[in-house]
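> okay, sequence plus prediction incoming.
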Amino acid sequence: MTLKQQIFADWDVSPNIVAFTTTRLGGVSELPFASFNLATHVGDDAHRVASNRALLKELLPQPLEWQWLDQVHGDDVAMVNKAGPTLIADAMLTTSENLVCCVQTADCLPLFIAAVDGTEVAVIHAGWKGLASGVIENTISRMSSSPSSLAVYLGPAIGPCHFEVGGQVRDCFLAAAESPSLVLATQACFVCSKNPGKFMADLYAIARLKLSALGIDKISGGDFCTHCDDDKFFSYRRDGVTGRMLNAIYIEA
Ligand SMILES: [Zn+2]
């Protein structure tokens, strides 16, 4: 296990911001969780998950506090200034130093958000339900930095090559599009699948559209597909029973 096995956010923010996604490499879990599963709720052996979390903590400077979430595909945002018991939410933000905000994913889109001056960070777990229910909008509205001073990195999610959805998912986003140009832009996020009535959805493009509408223009990332790359990533769509990657961000003191 080395830091090289993690994927660090590629963005232009203050160097005191640390943000990365773990890969499935370098841990001790066995199939179907092999090997670096960091989630306790997926059926993996609890001791192995604890060992994997300990391996990750050893790689990072001390002392860091960790705040964990119970994710429910909703739009609640946890605002934390010190670590406490697990909270039910799908996004977390902090202005505290050395407090790790993290979400777990295996296909859903992780969004890392930072004030470019390094004073505030957030992380979001967004599948299509979270995107539709406004988890991005809710998180940005709670940040004290203006949208023009925020940067966003889109971490590894299932790509449009593999994320097939029914027409009702597309309809749900189209119904929320408030102008003819947004309707067109939203339609472009859904390409007809080879299966009748189905669409290949682009979570990255949907997120970019929402971020742009909020006035955020510093957006990077969005170049992985968790389903395509089974060496690096867990994928719920591909494997069903599988592990989770951890998406962590903190302000280094
Ligand atoms: Zn793919």
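Yep, it's here.
> can you give me the helices for the chain?
Assigned by DSSP state H, the helices in the chain fall at 46-59, 128-133, 135-142, 167-176, 180-187, 203-213, 236-239.
> how about the residues of the chain by the ion?
Taking C-beta under 5 Å from the ion as the contact definition, the chain meets the ion at 159, 161, 162, 225, 227, 228. In this view, the C-beta of every residue, glycine as well, is placed from N, C-alpha and C.
> just the buried subset of those, written out for PyMOL, thanks.
Buried members of those, identified by 16 or more other C-beta atoms under 10 Å, are gathered into one PyMOL selection as follows:
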select buried, resi 159+162+225+227
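> in TSV, list the residues of the chain next to the ion along with pLDDT.
Formatted as TSV, these follow (pLDDT from 0 to 100):
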residue	pLDDT
159	98
161	98
162	98
225	98
227	98
228	98
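> my read: residue 113 touches residue 135, true?
No: with contact defined as C-beta atoms under 8 Å, residue 113 does not reach residue 135; the gap is 11.6 Å.
> now flag whichever of the residues of the chain next to the ion is closest to residue 30.
The closest of the residues of the chain next to the ion to residue 30 turns out to be residue 227 (C-beta to C-beta; 21.6 Å).
> tell me how this protein divides into domains.
With automatic domain parsing as the criterion, the domains of the chain are listed as 3-159+214-251, 164-201.
> comparing those, which comes out most buried?
domain 3-159+214-251 (a mean of 19; mean count of other C-beta atoms under 10 Å).
> between its first and last residues, how far does it reach?
Domain 3-159+214-251 has its terminal residues 17 Å apart, counting by C-alpha to C-alpha, to the nearest Å.
> ok now it, how far from the chain's centre?
5 Å (C-alpha atoms, centre = their mean, to the nearest Å).
> contact partners for residue 84?
residue 67 (C-beta atoms under 8 Å, 6 or more residues apart in numbering).
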